[in-house]
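Q: below: sequence and its predicted model.
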Amino acid sequence: MMKTVKKFLTLFLLFSPLLPFAQTIPLLTRSNALVLRVDAKKRINISYFGEKLSKEAGYTQAPGMYRQNEDYGDILNSAYLPAGSVNMFEPAIAVVHGDGNTSLDLEYVSHSTSTISNDVSLTTVILKDKLYPFQVKLFYKTYFAEDVMELWSSISHTEKKPVLLNKFASASLYLKSPEFWLRNYHGDWAKEMQPEETRITHGIKTLDTKLGTRANLFQPPLFMVSVGKPATEDEGSVLVGSVSWTGNFRVDLELDNQDNLRLTAGINNYQSAYTLKPKEEFETAKFLYTFSSRGKGVASRNLHTWARNYGMVDGHGSRMTLLNNWEATYFDFNETKLAELLKDTKKLGVDLFLLDDGWFANKYPRNDDHAGLGDWEENKKKLPNGISYLVKEATANDVKFGIWIEPEMVNPKSELYEKHPEWVIRQPGREEHYFRNQLVLDLTNPRVQDFVFGVVDDLLTKNPDMAYIKWDCNAVIYNAQSAFLTNQSHLYVDYVRGLYKVLERIRTKYPTIPLMLCSGGGGRVDYGALQYFTEYWPSDNTDPLERIYMQWEYSYFFPAIASSNHVTEWGKQSLKYRIDVAMMGKMGFDIVIGKLPAKELMFSQQAVRVYDSVKNVIWHGEQYRLSDPWSNPVASVQYVDSTLSTSVVFNYLVNNRYGQGSAYPVRLKGLDANADYRLREVNLFPGTKSPVDSSLTYSGDFLMKVGFNPVVRSGRNSVVLVVEKVK
Ligand code: DGJ
């Protein structure tokens, strides 16, 4: 009997890919489904994308409900659209085979699903070309509870000669709806994350970067596609996505002749045709997305939870508040000045002192941004006793010590450049062109990788008490040419791979050290890099009014715990306003503490204590955007802890016209409707009184349906409320 069952099972498994019901591959998360289907020609298609259906049969029935224009090649909804056979649209993959042939027609071979944990599963689909020994594996990783998917592919072959990959996307998605709306971002230095929302029209809209060393400056790899109509915070269907790649990315949004949207995302193929040797594997970047049919708010919280669980280092941990000396001293400091700043760090009450740029290089001292990058020895004039002395001094002052580095870069005026011109990305024979007076080191070269790893390793080996590193990146790649590579069109891809190799080594040796991912201008943030970092620098623009908008937009993609927000002298707002805005993430200071008037110092010290009391709600709670700065005079953002017992609500006046303020109550979200809450205003500047009566109680139901008026107006332009459940 057992034998017959076994035999039947083996036969079933063997032939299951041919059985009609086995041709549908539903990839399911808590609320959503991405359904793949193998058609009669053995092509793998996307047959359903959207909210999960209650019966699986629906996924087979759904395609029959559409009466759209002709699909002449029967290929438009391909899960990985190849170029060179019957496809007339933007491909996911385009190749030139070893014999010069440019065709590709990928056939389904098999698929399998492995369970990684209760939450995570990985489905692998194997595709092969009909004529050539050329294979693509499609990977679909589902994060069930978070409603997040990661899609990527791996390409290989056993042809006699190398194959040229002209395009190598992570994946394609295919969405059906009468309308699509795209929210994408543009920017520049100090102007990051400017949103634009437009209806997607026929043809292709491409989001991409060609910067080489990072994704963001002019355009981050972050976007939203609303299906049907523009999604709001709590309504509408929306895909929120990104490419996890710390360099050139590309996202194509193509509305085709059937009026369907093909979304093809991955590494940018710009100047990057990749020669793939037989048996070599080309693994693409990951395309990450979540989908919500209940608005952008849910989608963002999905991504926050995912990031804290899987997408960053120490997402559930703690972060250190800090005092940074960049804007306080720039390059002008010495041991005595720093000793004072260490005392100020303690006086302010923050956890760590962060020594910024300017501490290194001797032959060409780093006294401004024209020299010294690459020469990572302490500058003897400024720091005669070295970094280790400062680390000890920090300990003596009962604070921690962190340091700034920019190890991927070199100034032409440096010993490193003199010794190793072959380590620098540049076109010999062409005039060098600089971005912030510097050039990029060639991370495709393993010796350069060793050098960059060595910068970090050396600092941490010599100073085991070093507690934090700010990793900066201030240049893009101009004149892309590597003295190491024979194949120059591999440079952009192999640069990022080289960077990941270094970061991997750092994390293997130093798994817990906090690392800030920084880039002056266009925070270098993306989920490819964030897997090695604890936080990112959203922008050099720390004007709090600007930050309200920027942090608002970043917060659709990244959790507050990852956002390094520093209080600086940027902007015209009061110190209170600046501190309140910085609190909506991971707070730091970059001001001259010694120059603060007594009341401002007292306020700052008290604000650090307030922050310490609510930071866990901000870092680990759910974030709700209540009132958006783009269309209201008052912007409000709320964080609620997982037990729904404490919430923090930040409210800011963002419109200074006469009489503007909180005319209406701000409706809170995410509270326990049946519980009672008390509200108290915190971060009051010494000498001011709050109109908020903290003895009154309100039900969660009331606060969510009617709301609460924080009384924001001119003269009270920043109000922070702590909402606590009455026990
Ligand atoms: C750019 C960063 O964004 C700043 O915070 C500072 O670290 C400078 N670089 C230092 O050169």
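A: Noted; the coordinates are in hand. Numbering: from 1, shown residues only.
Q: which non-adjacent residue is nearest residue 583?
A: Nearest residue to residue 583, sequence neighbours excluded (CB to CB, 6 or more residues apart in numbering): residue 611, at 5.4 Å. All C-beta spots, glycine's among them, are computed from the backbone N, C-alpha and C.
Q: list the contacts of the one you found.
A: Residue 611 is in contact with 321, 583, 587, counting by CB atoms under 8 Å, 6 or more residues apart in numbering.
Q: can you verify it is assigned to a helix?
A: Yes: counting by DSSP: H, G, I helix; E, B strand; the rest coil, residue 611 is located in a helix.
Q: check what pLDDT it gets.
A: For residue 611, the model assigns a pLDDT of 98.
Q: kindly report the same for residue 16.
A: Model confidence at residue 16, given as pLDDT, is 41.
Q: same deal with the one 3 residues further on?
A: Per-residue confidence for residue 19 comes out at a pLDDT of 43.
Q: do the helix or strand that residue 323 is a member of and the ligand meet at all?
A: Here residue 323 is covered by strand 322-324, with elements defined by DSSP states H and E. No: Strand 322-324 does not reach the ligand (CB under 6 Å from any ligand atom); its nearest approach is 7.3 Å.
Q: how close does whatever residue of the stretch 201-350 of the chain ends up closest to the ligand sit to residue 536?
A: Sorted by distance to the ligand under CB to the nearest ligand atom, the residues of the stretch 201-350 of the chain start with residue 326, at 4.5 Å. The gap separating residue 326 from residue 536 is 16 Å, by CB to CB, to the nearest Å.
Q: which of the two has more neighbours?
A: A direct count of neighbours by other CB atoms under 10 Å for residue 326 and residue 536 places residue 536 higher, at 25 against 20.
Q: my read is that that one contacts residue 561, right?
A: No: counting by CB atoms under 8 Å, residue 536 does not reach residue 561; the two are 10.6 Å apart.
Q: low-confidence regions, the stretch 451-600 of the chain specifically.
A: Within the stretch 451-600 of the chain, the segments meeting pLDDT under 70 span 521-522.
Q: next structured bit after the strand holding residue 323?
A: helix 326-329.
Q: helices or strands next to that next one in the packing?
A: Contacts defined by 3 or more CB pairs under 8 Å, 6 or more residues apart in numbering; DSSP states H and E place helix 326-329 against helix 335-348.
Q: which residues does the next helix-or-strand element following the helix it packs on contact?
A: Moving toward the C-terminus from helix 335-348, the next helix or strand (DSSP H and E) is strand 352-355. Strand 352-355 has contacts (CB under 8 Å, 6+ apart) with 320-325, 338, 341-342, 345, 387, 390, 394, 399-404, 467-468, 470, 588.
Q: and those, which are buried?
A: Neighbour-count burial within the contacts of strand 352-355 applies to 320-325, 338, 341-342, 345, 387, 390, 394, 399-404, 467-468, 470, 588; the criterion is 16 or more other CB atoms under 10 Å.
Q: how about the nearest residue to the residue of the stretch 301-450 of the chain found nearest the ligand, chain neighbours excluded?
A: In the stretch 301-450 of the chain, the residue that lies nearest the ligand is residue 357 (3.5 Å; CB to the nearest ligand atom). Distances taken as CB to CB, 6+ apart place residue 404 nearest to residue 357, at 5.3 Å, with adjacent residues excluded.
Q: what's the helix or strand for that neighbour?
A: Counting by DSSP H and E, the element that carries residue 404 is strand 400-405.
Q: ok, residue 135 next?
A: According to DSSP H and E, residue 135 maps onto strand 134-143.
Q: what is that strand packed up against?
A: strand 24-28, strand 120-129, strand 148-157.
Q: looking at the ones you listed, which is buried most?
A: strand 148-157 (a mean of 23; mean count of other CB atoms under 10 Å).
Q: quick one, whichever helix or strand comes after that one and strand 148-157 angle?
A: For strand 148-157, the following helix or strand on the C-terminal side (DSSP H and E) is strand 163-175. On the basis of axes from the mean of the first three to the mean of the last three CA atoms, to 10 degrees, strand 163-175 is oriented at 150 degrees to strand 148-157.
Q: what mean pLDDT does the helix or strand just after strand 163-175 have?
A: Sequence order places strand 180-186 as the next helix or strand after strand 163-175, per DSSP H and E. For strand 180-186, mean pLDDT is 98.
Q: may I have strand 180-186 as CSV, with CA atoms only?
A: Provided in CSV are the C-alpha atoms of strand 180-186 (Å, rounded to 0.1, in the frame of the first residue of the first chain):
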residue,chain,number,x,y,z
PHE,A,180,-2.0,54.4,-12.8
TRP,A,181,-0.4,57.2,-10.8
LEU,A,182,3.3,57.5,-10.1
ARG,A,183,4.8,59.3,-7.2
ASN,A,184,8.5,59.7,-7.7
TYR,A,185,11.1,62.0,-6.3
HIS,A,186,13.7,64.3,-7.6
